[in-house]
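Student: Got a predicted model here, sequence first, then my questions.
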Amino acid sequence: MLQITPRIAIDPAEVEEVLVRGSGPGGQNVNKVATAVQLRFDARRSPSLPEPVRRRLQQIAGRRMTTEGVIVITASRFRTQARNRLDARERLIALIRAAAQIPRPRKATRPPAAARRARIDAKRRRAALKALRRPASAED
């Protein structure tokens, strides 16, 4: 089991790993051995994820989530297959952990009166400066 949080654990059978040739470091093996790992996790159909976590995961995953709800993580940072495999799993765990954290609700605040006054004064000064650049009117 991939332990995400004390309450969330993912069955390794839900995670699919495909080995591909990576464009990253590899030395002499770069064109011969498939060291990069493409990890796929179907978040939309996973029974391991609670619904609120699934919704937040969809928001923070961005381009890494397909329209079908599958998270795709490609790891080719390291030269060895084992380290790339570990890296991909760690990145998936970090992504789900971030989604598992409940965001604090934003408290509406108002700017202080002094800040509002300072903003209006700055606008007046700027308007006066621009007024000096205008040509003199015909009435003068």
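Tutor: Noted; the coordinates are in hand. Residues are numbered from 1 along each chain as shown.
Student: pLDDT wise, what is residue 55 at?
Tutor: Listed pLDDT for residue 55 reads 89.
Student: list the contacts for residue 2?
Tutor: 9, 10, 11, 12, 15, 89, 92, 93 (Cβ atoms under 8 Å, 6 or more residues apart in numbering). The C-beta positions use only the backbone N, C-alpha and C, and glycine is treated the same way.
Student: please redo it, this time with the cut-off set to 7 Å
Tutor: By Cβ atoms under 7 Å, 6 or more residues apart in numbering, the contact list for residue 2 reads 9, 10, 12, 15, 89, 93.
Student: Please pick the buried ones from these.
Tutor: Taking 16 or more other Cβ atoms under 10 Å as the criterion, what is buried in those is 10, 15, 89, 93.
Student: from those, which ones fall inside helices?
Tutor: 89, 93 (DSSP state H).
Student: quick one: contacts for the residue positioned nearest the centre of the chain?
Tutor: Closest residue to the average C-alpha location of the chain: residue 60 at 4.8 Å, with Cα atoms, centre = their mean. Applying Cβ under 7 Å, 6+ apart, we find residue 60 in contact with 98, 99.
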